[in-house]
Every structure is written in structure tokens, then in C-alpha cells.
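# Sequence first, predicted model second:
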Amino acid sequence: MAKIRVAIIGVGNCSSSLVQGVYYYRKAKENMIVPGIMHARLGGYHISDIEFSFGVDIDRNKVGKDLAEAIYSKPNNTYKFCSVPKLNVPVVRGMTHDGLGYYLSQIIKKAPGPTADIIGLLKRTKTDVVISFLPVGSEEATKWYVEQILTAGCAFVNCIPVFIASEKYWQKRFVEKGLPVLGDDIKSQVGATILHRVLVNLFNDRGVKMERTSQLNVGGNTDFLNMLERSRLISKKISKTQAVTSLLKYNIGADNIHIGPSDYVAWLKDRKWAYLRLEGRTFGDVPLNIELKLEVWDSPNSAGVVIDGIRCAKLALDKKLSGAIIEPSSYFFKSPPVQYPDYICREKTENFIKKYGMKTKRRHN
């Protein structure tokens, strides 16, 4: 069985949870229910078929280290659920551009030396799929890396809210190169966005007219620290808001919906507290309000979804699909090229896996 060679851009908390998860579930039996994973073996690829080619970062605490060491280096502060042995996978110096904002620059010092030859590394390491965990607001850095990926000939999984898979210009570029792209902005297993979408669907299904809604999130990881710089939040707020409003059959008005980060609380570390409120009208115009608090470790919450995204990207690469891959993008991401209700997204993704997954012959005893 072929392996899936994966390069990671941004060796932060999300990368830590992803690498830990791949190692933690490397021996999962095929019929095992793995929390946050669609299938232990998806389309012919087991979780253990994912192997990492190299990591990219700019932090001097991480550049030059083995990936297995870098994922635990400060300022990473997510939940450690697995000790990963040395992988012999280097973390190389990346391009900064706008990837380091004001607040992150207070705690992260750039590694010395020039930017690594990303195109050359992708080719030499035979990387299949590149995933981006760059900080929110890294518009120029993302576009720079996408150009390297297109030139090197890899599939791309965009886990951040910079619009690539959902933009016609970039869709066309990937089509021209004959390469697949999945995105944008990864959903969590059970995060604030998916929970908000479920509640909006409940209002729709039960005939409650939603009038106002809000989602306020606080956390203590570098993502929340970075988002204190409000100018970097534009695409993030658009992404999270569209994920909810796309399910509404009517416009409640911009002043009646607020979705986005609220503040940074250092002692929360990689935990996130999400506060949701929905206000609506029921039969007889009687008010109905819902308030809910979700507490979750942020980065492990999306790692399983990324593992499925990587394997779907490899299936698309194997079958020479190009451009935005609609079905898995709709299920795994907040701002996909096309929005559907979540039960339809899952059905479409399962059908995608059945259609493009490798056919294995049944063994006879």
C-alpha cells in the first residue's frame, strides 16, 4: 500500500495534535471506531499510511529540530496525549511575509538563515499533500506557499481562513496544473461552528424564526493571541459567519449576528470556551432563547478532520482530479466552494470515498 507523504506549513498546536494522532492511531484496527475519524481505513488508506516529509516554521525554537521534538516546543501548549519518537523529519526555515503579526512577534523570535528551497524540498521528499496551519491573517504568506505548491505539483489542504479553494482564481490555477485543493478553514470535530450550525438547522427544522445570534470564543493559544490584532480577523469572521448564515433561509441583518473571537486568556492554554446564544420566535410570536457554553481543547478537536482531509486529497491526486474538491471540502471546512447542510455534506463525502477509493479484492480462506 502506498504511503501519503505530507508536508506541514506551521508547526504549532494543530500540527502537534495531528502528528500525535497519526502515531497514536497507527495500529487502529480497520473496524475500530476512532473518535473524530470517518474510517480507520479511508478509500484504501489507513491512518498509519500518513507519513511526514518535513515541517516548515520560522520560530527559532522549532527550526532545525526533528518534527517529533518541535511539536512540543514553546509556545505550543496543547494537550499531550501521545509521546512521538524521533521521526527523522526536519523542520526547515520558512518564508515569513505577513505570517508573524504584532502579538506573535512578542513571543516568537525568527530563526536565523535564509528561507529553505520549498519547491526543491517538496520534489526531493516526494511530498503528495501539503497542509497549511499558518496563523490567521497570513494572506500573502499563504499565496506565496500556494505558488510553491503549484510549481512542485502537490495537492493542497488549506486549514486556515485565507480563501483559496473557494476563490475562482485559485480554483483555475489548480485546474491548470491538474492538482486538487481542499479548503478553506478547517471545521472541528465538535466545535463552535458545527454546534452553531446544528442549532440553526434545529431552528429551521422546527420552524423557529431566528432573530439574533452570537458566538463569542476565548482561548489561550497562539491563535487567540494572534487574533487580538483585529485587522488579521477579517477573513476569519467572514468564514465563521458564512458557515452559519449559509443555512438560513432569510436575512436576519448584519447587526443581528456576531460571530468571532472575543479575547485571549493565557491560562486557558489550548482550551477554548465558546459562548453561543440564539434568539428566536415560536408559535404565537412567543420568544425562545438558547444559551450554551462549549469547553474543548482546540487543536485535537480538528486533528481527526485533517487526517480525513489528507486522505481525501490523496484520493483526488490518485484519480487526477483537479481544482476544488467539492464534496470533502463541504464536510471538512467552514468556507468551502459550495455550502450544504451537514448531513448532505457527509453523504456526499462518503459517496466521494466510495467512488474514488481504491478497490480491494476480498480475501478467501
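Received the coordinates, thanks. These figures come from a predicted structure and were not determined experimentally.

# contacts, neighbours, all on C-alpha from now
Noted.

# Would you mark the buried spots in stretch 264-277?
264, 265, 269, 270, 271, 272, 273, 274, 275, 276, 277 (16 or more other C-alpha atoms under 10 Å).

# now, which of those sits nearest residue 87?
Closest approach to residue 87 among those (C-alpha to C-alpha): residue 270, at 24.3 Å.

# and that closest one, what are its phi and psi?
Per-residue torsions, residue 270: phi -90, psi 10 (degrees, to the nearest 10).

# in the stretch 1-150 of the chain, which spans are strands?
For the stretch 1-150 of the chain, applying DSSP state E, counting those that start in this stretch gives strands covering 4-9, 41-42, 45-46, 50-57, 91-93, 129-132.

# what pairs with the fourth one, and is each one parallel or antiparallel?
Using DSSP bridges, the strands paired with strand 50-57 in its sheet are strand 4-9 (parallel), strand 91-93 (parallel).

# Which one, of those, ends up nearest to residue 317?
Proximity to residue 317, assessed across the strands paired with strand 50-57 by C-alpha to C-alpha, is greatest for strand 4-9 (10.5 Å).

# Need the contact partners of the closest one.
Under the criterion C-alpha atoms under 8 Å, 6 or more residues apart in numbering, residues 15, 49-57, 122, 125-134, 311, 314 lie in contact with strand 4-9.

# Any quick ChimeraX command for the buried ones out of these?
Remark: buried members of those, expressed as a ChimeraX selection using 16+ other C-alpha under 10 Å:
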select :15,49,50,51,52,53,54,55,56,57,122,126,127,128,129,130,131,132,133,134,311,314
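
# which stretches of the stretch 1-150 of the chain have low pLDDT?
Where the stretch 1-150 of the chain drops to pLDDT under 70, the residues are 1.

# one step back: what about the buried residues of stretch 264-277, which are in strands?
Counted as lying in strands by DSSP state E, out of the buried residues of stretch 264-277, are 264, 271, 272, 273, 274, 275, 276, 277.

# Please list all residues in contact with the first one.
If I follow you right, that is residue 264. Going by C-alpha under 8 Å, 6+ apart, residue 264 touches 218, 219, 220, 221, 224, 225, 228.

# cool, the second one as well?
Contact partners of residue 271, counting by C-alpha under 8 Å, 6+ apart, are 78, 219, 220, 221, 295, 296, 297, 298.

# try 6 Å
219, 296, 297, 298 (C-alpha atoms under 6 Å, 6 or more residues apart in numbering).

# what separates the helix or strand that contains the second one from the chain centre, distance-wise?
Residue 296 belongs to strand 287-297 when assigned by DSSP states H and E. Distance of strand 287-297 from its chain centroid, counting by C-alpha atoms, centre = their mean, to the nearest Å, is 23 Å.

# Next, the buried residues of that strand.
For strand 287-297, a neighbour-count test (16+ other C-alpha under 10 Å) marks 296, 297 as buried.

# Give me the distance from the next helix or strand after that strand to the chain's centre.
Per DSSP H and E, the first helix or strand lying C-terminal to strand 287-297 is helix 300-318. How far helix 300-318 lies from its chain's middle: 9 Å, per C-alpha atoms, centre = their mean.
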